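Enquirer: need a structure here:
(one chain, ligands or ions: 2)
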Amino acid sequence: MTKLFLPDTEATQQLGITLGQDLTAGTVILLEGDLGAGKTTLVQGIGKGLGITDSIVSPTFTLINEYTEGRIPLYHLDLYRLEPQEVTGLNLESYWEGMEVIPGIVAIEWAERMPYLPDSYFKVCLTYGESGTRQAEITAFNCEMINDVLLQPRGNY
Ligand SMILES: Nc1ncnc2c1ncn2[C@@H]1O[C@H](COP(=O)(O)OP(=O)(O)OP(=O)(O)O)[C@@H](O)[C@H]1O
Ligand SMILES: [Mg+2]
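Expert: Residues are numbered from 1 along each chain as shown. Ligands and ions are numbered 1, 2, ... in the order given. As a prediction, the model looks like this:
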C-alpha cells in the first residue's frame, strides 16, 4: 500500500494526471472515500493526463460518462445512488473485459457498492486530513504497474 499526502486540489489533480499519462488500457481504478473527499477531482486529473479537453463532470445521475477523445478511452462511473443488487444489472464487466467496448481506463466512484470485482484493479481510498487536506491510500490487486507509476518522482505530492 502506498500513502500519499495531498495538500490541495492541485495535488489531487496532479496525481490523476500522472495516472492518466501512464496507465494502460484495461486498468480499473476503484475510488473510495466520503462525500467530497476528492474522487471526481482525481478523475478530472486522469482526463487531463489522457489529453481529454471535454470537462469531466460527476456522473452521479447518468451513472456513466464515456470520453473517447484522449490517448485511450475513459469510462467514469459513479455508483452513489445504487444498491449493490442494482449494480449487478449494469454488466460492468463489459468495461474491463474490453469485448463490447474499446479497452480504456475505468474509474469507479463509490466502488464500495460493487457486489463483484475485476481480477485486477487498484483501489484509491481518499480521506480527510488536517486543515482540509487529503490523504490517498493506494493498494494494488494483481496490478503491479501502478507501483512503477507511483515510484516516479513528482512535483507536489
Ligand atoms: N487534496 C485536496 N485538498 C483540499 N481540497 C481538495 C483536495 N482534493 C479535492 N479537493 C476539493 O474537494 C472538493 C470535493 O471534491 P470532489 O467533488 O472531487 O469529491 P468527491 O469525492 O467526488 O465527492 P462525491 O462523493 O460527492 O462524489 C472539491 O471542492 C475539491 O476542490
Ligand atoms: Mg464525485
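Enquirer: alpha carbons only for contacts and neighbour counts from here, please
Expert: OK.
Enquirer: which stretches of this structure form strands?
Expert: For the chain, the strands defined by DSSP state E cover 2-6, 28-33, 64-67, 74-78, 105-109, 121-128, 134-141.
Enquirer: quote the end-to-end distance of stretch 93-110.
Expert: 16 Å (Cα to Cα, to the nearest Å).
Enquirer: which residues are in contact with residue 117?
Expert: Contacts here follow Cα atoms under 8 Å, 6 or more residues apart in numbering; on that basis residue 117 touches nothing.
Enquirer: from ligand 1, how far off is it?
Expert: In this view, residue 117 and ligand 1 are 20 Å apart by Cα to the nearest ligand atom, to the nearest Å.
Enquirer: now the nearest residue to residue 69 once chain neighbours are set aside, what are its backbone angles?
Expert: Of all residues not flanking residue 69 in the chain, residue 52 sits nearest, at 5.7 Å (Cα to Cα, 6 or more residues apart in numbering). Dihedral pair for residue 52: phi -90, psi 130, per degrees, to the nearest 10.
Enquirer: just the pLDDT at residue 156, thanks.
Expert: Note for residue 156: predicted pLDDT of 69.
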